[in-house]
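[1] I need the structure of the sequence given here:
(4 chains)
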2 protein chains.
Amino acid sequence: MLIGELAERAGTSTRTLRYYEAHGLVRPQRSANGYRVYDEAELRVVREIRALLDVGFGLDDVRPFVACLRAGNASGDVCPDSVLVLRRKLAEVDDYLDRLAAVRQQLRTQLTHAIAHRETTCPRRRPSAP
Amino acid sequence: MLIGELAERAGTSTRTLRYYEAHGLVRPQRSANGYRVYDEAELRVVREIRALLDVGFGLDDVRPFVACLRAGNASGDVCPDSVLVLRRKLAEVDDYLDRLAAVRQQLRTQLTHAIAHRETTCPRRRPSAP
DNA sequence: CCTTGCCTTGACGCTGACGACAAGGTTTAG
DNA sequence: CTAAACCTTGTCGTCAGCGTCAAGGCAAGG
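    Numbers count the residues shown, from 1 in each chain, chains lettered A, B, ... in the order given. Sure, this is the predicted structure:
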């Protein structure tokens, strides 16, 4: 499988795959003419990467999962290093949820205050077409 | 008040103030020698900007609030345009909270699965010091 | 006069995960 | 022969909110 086919089957771009390779996440073989050649296992790897990135992981966070898959495990989650990352990310998400909830609360407060103190002494909206 | 003093009193940097000015958020006077001169009102403006940015607003989102303050209102929140932005931001935060909650749920699921299927067939941790 | 400490504009760097384009090699099909 | 459709490496652009020099002007004290 060449890079174009892998990109299509993984639902991404060739640019992305080369980017992952440059960062050590994917290791294709090379054919005689220098083309990258991927096997089926790499497809699973790429899909794992994409899934984790979609969830908000960074490339560095993804590394243990890729290594885990490559070690022959059915899932990238089952290795100690992956579990560490999962725990850390879960904690990060919890933190972020807290802060976001606080922000939401503040916005609601601001909104009620703003509506209670409505003012018309405000800048005119910029005129549309001159 | 010169830019250095304003920066210190607003808890930010001169670079930041010039950046805000370049984006039309702050309008200092100029003294004879070309120095930026700010009055007390600008301090409030800058603090408003900082507060909103801290909450996750972008510079464009902040503009209505600044204009509202500058129109003579005690708060930057009380103008219609500000209220619009507040509503929109609240909706965005709600959306983000939902997605983040979903992510959190997925992470928890992955974690429990990972722990249930622990594997030792995993890559050795990279050796520390050689 | 010289140093110190303000101020000015201008321009590049940073973070992350790519998109977009350039300039060229290869293989296949017509 | 040539066009199409792949592939290669390399480099710059993107978004946001600044940080960090660089090179120089202005004001005041010793």
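
[2] what residues are up against residue A:47?
    Shown in contact with residue A:47 (C-beta atoms under 8 Å, 6 or more residues apart in numbering or on different chains): residue A:10. Backbone N, C-alpha and C define where each C-beta goes, glycine included.

[3] and the strand or helix carrying it, anywhere near DNA strand D?
    Residue A:47 belongs to helix A:40-54 when assigned by DSSP states H and E. No - if you take C-beta under 7 Å from any atom of the strand as the test, helix A:40-54 misses DNA strand D, and the best it gets is 12.6 Å.

[4] anything in that helix near DNA strand C?
    Yes - using C-beta under 7 Å from any atom of the strand, helix A:40-54 reaches DNA strand C at residue A:53.

[5] what helices or strands is the following helix or strand past that helix leaning on?
    Following helix A:40-54 in sequence order, the next helix or strand is helix A:59-70 (DSSP H and E). Contact here means 3 or more C-beta pairs under 8 Å, 6 or more residues apart in numbering or on different chains; DSSP states H and E; on that basis helix A:59-70 packs against helix A:40-54, helix A:80-116.

[6] Now do helix A:59-70 against helix B:80-116, angle only.
    Interaxial angle of helix A:59-70 relative to helix B:80-116 (axes from the mean of the first three to the mean of the last three C-alpha atoms, to 10 degrees): 30 degrees.

[7] Contacts for helix A:59-70, please.
    Contacts to helix A:59-70, defined as C-beta under 8 Å, 6+ apart, come from residues A:20, A:23-26, A:41, A:44-45, A:48-49, A:52-53, A:75-79, A:81-82, A:84-85, A:89, B:119, B:122-123.
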